[in-house]
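Undergrad: I'll drop the sequence and a predicted model, then ask my questions.
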Amino acid sequence: MTKLSVNINKIATLRNARGGNLPNLIQVAKDCEKFGAQGITVHPRPDSRHIRYEDVRNLKHIVSTEFNIEGYPSRDFIDLVMEVKPHQVTLVPDAPKALTSNNGWDTVKYQKFLYGICQNFKKEEIRTSIFVNPDLLMIRNAKFCGTDRIELYTESYAVIYPNNPEKAIENYCLAAQEAVQHGLGINAGHDLNLNNLAYFSKSIPQLLEVSIGHALICDALYFGLEETIRRYLEVLR
């Protein structure tokens, strides 16, 4: 079964809107795990607009499933990951002020840069994943970046899916086959939701993990967190 990692950035956004500690980020992470999530994902950004570095340090002590830290590998981010030592680090090419992740790495142009970072993390037994578009060249070259996994950037799938599911998934199936040929594990994330996730996971049986935040938290406003996580897990089954 594909693992569900819940991205709790939006919980931190809500908390930060008023200050204080409501909602309690730590308690939400515990609840996600209690309700069946197999991982917790956070994406700290330089402006601390949602997850803060101190949140990451605090979560280290309570996350009992898989802890995944996403982010651009700045010096500060690298130091944080080396300190916290999560199970997985996912490297994204976001500019510091990017609203959200909006592109995958150019694994040819940044091969040397990514290789050095991945090697440093792997020395600490931290699994590495890099964010990529469903582009065969970028996936083929990801192997030479030293990563263990790729995370497929699924925005284009989500956009096309409502009108043409077969077209939406086509490049991702090819991307998954390419990744497997080069010994890379496959994660996915961005705009996956209860409407499009089942078709995606069914079409890519090699899928190891999905990281879902925005859509899942939006669904939780209507269904409650426990029921929402149950529904996502059921889709992945």
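TA: It's in.

Undergrad: Secondary structure element holding Ser5?
TA: strand 3-7 (DSSP states H and E).

Undergrad: scratch that, Ile78
TA: helix 75-84.

Undergrad: Would you mind identifying the next helix or strand past that helix?
TA: strand 88-91.

Undergrad: picking that back up, CA-only coordinates of the helix holding Ile78, as CSV, when you get a sec.
TA: The C-alpha coordinates for helix 75-84 follow below in CSV (Å, rounded to 0.1, in the frame of the first residue of the first chain):
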residue,chain,number,x,y,z
ARG,A,75,22.7,26.4,4.3
ASP,A,76,20.2,27.0,7.1
PHE,A,77,17.9,24.2,5.8
ILE,A,78,20.8,21.8,5.5
ASP,A,79,21.9,22.5,9.1
LEU,A,80,18.4,22.0,10.3
VAL,A,81,18.1,18.6,8.6
MET,A,82,21.5,17.5,9.9
GLU,A,83,20.4,18.5,13.4
VAL,A,84,17.0,16.9,13.3
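
Undergrad: Could I get the contacting residues of Leu207?
TA: 2, 176, 186-188, 200-201 (CB atoms under 8 Å, 6 or more residues apart in numbering). The C-beta positions use only the backbone N, C-alpha and C, and glycine is treated the same way.

Undergrad: try it again with 7 Å
TA: 2, 186, 188, 201 (CB atoms under 7 Å, 6 or more residues apart in numbering).

Undergrad: I'd like to know which elements the longest helix belonging to the chain is packed against.
TA: For the chain, the helix with the greatest residue count under DSSP state H is helix 165-181. On a contact count with 3 or more CB pairs under 7 Å, 6 or more residues apart in numbering; DSSP states H and E, helix 165-181 meets helix 136-142, strand 149-153, helix 155-160, helix 197-203.

Undergrad: Try it again at 8 Å.
TA: helix 136-142, strand 149-153, helix 155-160, strand 185-189, helix 197-203 (3 or more CB pairs under 8 Å, 6 or more residues apart in numbering; DSSP states H and E).
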